[in-house]
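In: pasting a predicted model and its sequence here:
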Amino acid sequence: MLTIEQLNQFGANTDEGIARCAGSEALYLRLVKMIPAETNFDNLKNAIEANDLDEAFAAAHALKGVLGNLSLTPMFDKCVEITELLRSRTQMDYTPLLNELLSMKDTLTAMCSE
Amino acid sequence: MNHFLKTGRKKRRVLIVDDEMINRQLLEAILSFDYDVTTASSGMEAMDALRADPDAFSLILLDIIMPKMSGFDVIEACKADNKLKNIPIIVMTSEKSTEVRSIRKGAADFISKPYRMPEVIIARCERIIEQSEERKLIRSIETDAVTGLYIKLFFDAYVKQLAGDIKGFMDAVVVKITGADGKDHDEILKKVASLTEENLIGSKGIACRAGDDVLYGYCIHKADYTGIVSEIARELGDSVAIRVGICEKTDAGIDIDIWYQKANEACDQAPENGVVTVACSA
C-alpha cells in the first residue's frame, strides 16, 4: 500500500502536495496513484521516437503540470529539464533524459502496486 | 449588509476546464466546500456546458494548453457570445507569456501552475466573483431599458470623471425627437438612440437618455455635424424628426449643467432635422 513515508523517501514533498489537496492525505495518495496510468508518458515517448518535438513538448508540458501539482519533485525536476529543451525544439537525443524519467515512473508504479 | 450579501446567498457555480484529470480533481477538492463545481476535460466540453446554461456559472477556471480547442480559443468564444462574455475567467498556466496574453484577451486573472496554496486560489476566486457581480449589478441599473444608453445619473457621473481628463476638445450634445408618438414610441426611440450613438456620438463618446424623447451625448469635438444629422434624418424617414444642439469645446472650468443648458437652448433654436452649435465659453 502506498504510504506518505515511501513517497518522502522517493523524494516527493508530501507536505506541499497534501496542502495542495486541501489537507487531504487520502486525496493526495489517490491522485498520486493515478500517475502511473498517465497517458502522456507514452505520448512523450512516442513523440520523441518519431522526432515530433511539437507533440513531445505538449506531452512534457502536461506532465510537468500534474507532477508539479503533486510535488513529485524528482520527476517534476526531470520533466522541467525535458520541457525546457523541447520548448526551443532543441535537436538532440532525448532518450537518456526520457529513460531517467520513465525509470522514476517505474519506481513509483511499483510503489503504487504494493 | 455587505457581509450578508456575500454569505446569505446560495453557492455559486464554478466551471473547471483542464484536460488533465488530476488537475481537475485537485481544484474540485479545493473549491467544493465553498462552491458548486462543474468540470470539463476540453474546450469543446466547456463551451457545451456554458451554452447549455449560461446563467449557471459565476466563474471559469481555464487551462490554456489543451488539444483541439485551447484555452485561448475558449476565451475568444466566450467574449464573442453576449450570454457568456461577462462570466469572469481565471486562467491556469505555468507560462509567463501565456499570463499576459490571457489578460489581454479578456481573462480577469491567472493562477500559476503548480498551484499555489488552496487559500490563495479560494481568495482569488472569491475576489473575482465579487467584482464580477458588482459590475453586473451596475450594468443592470446603469442603462435605460428601451434605448440601451446610460441613464442620466450614470451619464452625469461618467462625464464628471472624463471632463478635463481627455486629450482634445469635447462637445456636449442634445438631441430632441419629435414624431415618436403612439404605439411605436419605444421602437422609434430605440432607432434614434442607435443612430445617435453610432453616428453622432461615435466610438469616442458616451450617450444617455435624458428625458422621454431627449438624448444627451458627450463626444470628441467635430467641426461640423450637419452632414451626420442629415444622414440620420434620412434613415428615420418623414414621420420622425430630430433637432440637435451642440455646446462645442466644453470647458472643464465651467459647470457641466451649464454646458447642457447651452446645448438645450441651441437645440430649441434648431430647425427640424437641423443642428445649431454654440461655443461653450460664449
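Out: Looks like it came in fine.
In: who's in contact with whatever residue of chain A ends up closest to chain B?
Out: Going by Cβ to the nearest Cβ, chain B is nearest to residue A:68 of chain A, at 3.4 Å. Any C-beta I mention is one placed from the backbone N, CA and C, and that applies to glycine too. By Cβ atoms under 8 Å, 6 or more residues apart in numbering or on different chains, the contact set of residue A:68 is A:76, B:94, B:113, B:114.
In: narrow these to those in helices?
Out: The helices, defined by DSSP state H, take in residue A:76 from the contacts of residue A:68.
In: just the closest of the contacts of residue A:68 to residue A:42, please.
Out: Nearest to residue A:42 among the contacts of residue A:68: residue A:76, at 18.7 Å, using Cβ to Cβ.
In: what's the burial count for the closest residue to the closest one other than its chain neighbours?
Out: Excluding the flanking residues, the one nearest residue A:76 by Cβ to Cβ, 6 or more residues apart in numbering or on different chains is residue A:67, at 4.1 Å. The number of residues packed around residue A:67, counting by other Cβ atoms under 10 Å in any protein chain shown, is 28.
In: can you tell me the SS state at the residue lying farthest from the centre of chain A?
Out: In chain A, counting by Cα atoms, centre = their mean, residue A:91 sits farthest out from the average C-alpha position, at 22.2 Å. Counting by DSSP: H, G, I helix; E, B strand; the rest coil, the backbone at residue A:91 sits in coil.
In: hmm, who's touching the longest helix seen in chain A?
Out: Within chain A, and with DSSP H defining each element, the longest helix by residue count is helix A:95-113. With contacts defined as Cβ under 8 Å, 6+ apart, helix A:95-113 is touched by A:2, A:6-7, A:10, A:32-33, A:35-36, A:41, A:44-45, A:48, A:72, A:74-75, A:78-79, A:81-82, A:85.
In: drop anything exposed from these.
Out: Among these, those scoring as buried are A:2, A:7, A:10, A:32, A:35, A:41, A:44-45, A:48, A:72, A:74-75, A:78-79, A:82, A:85 (criterion: 16 or more other Cβ atoms under 10 Å in any protein chain shown).
In: any stretches of chain A with poor pLDDT?
Out: Scanning chain A for pLDDT under 70 picks out nothing.
In: what residues does it put near chain B?
Out: Residues of chain A lying near chain B by Cβ under 8 Å from any Cβ of the partner chain: A:19-22, A:24, A:27, A:31, A:34-35, A:38, A:58, A:61-62, A:64-66, A:68-71, A:76.
In: name the nearest of the contacts of residue A:68 relative to residue B:84.
Out: Scanning these for proximity to residue B:84, where the rule is Cβ to Cβ, the winner is residue B:113, at 24.3 Å.
In: okay, now the closest one: neighbour count?
Out: For residue B:113, the number of neighbouring residues by other Cβ under 10 Å comes to 21.
In: all strands of chain B, in order?
Out: Assigned by DSSP state E, chain B shows strands spanning B:13-17, B:36-40, B:59-63, B:89-93, B:109-112, B:150-151, B:170-178, B:205-211, B:214-220, B:241-248, B:274-279.
In: can you add mean neighbour count and distance to residue B:99 and give those back as TSV?
Out: What follows is the strands of chain B, written out as TSV (neighbours: other Cβ atoms under 10 Å in any protein chain shown; distance: least, Cβ to Cβ, whole Å):
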stretch	mean neighbour count	distance to residue B:99
strand B:13-17	23	17
strand B:36-40	19	21
strand B:59-63	26	12
strand B:89-93	24	6
strand B:109-112	18	5
strand B:150-151	18	33
strand B:170-178	24	36
strand B:205-211	20	32
strand B:214-220	22	34
strand B:241-248	25	44
strand B:274-279	18	48
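In: export those as TSV, with columns for mean pLDDT and distance to residue B:160.
Out: Output for the strands of chain B, formatted as TSV (pLDDT from 0 to 100; distance: least, Cβ to Cβ, whole Å):
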stretch	mean pLDDT	distance to residue B:160
strand B:13-17	97	37
strand B:36-40	97	41
strand B:59-63	97	33
strand B:89-93	93	32
strand B:109-112	90	30
strand B:150-151	95	13
strand B:170-178	95	12
strand B:205-211	95	12
strand B:214-220	96	10
strand B:241-248	96	16
strand B:274-279	95	21
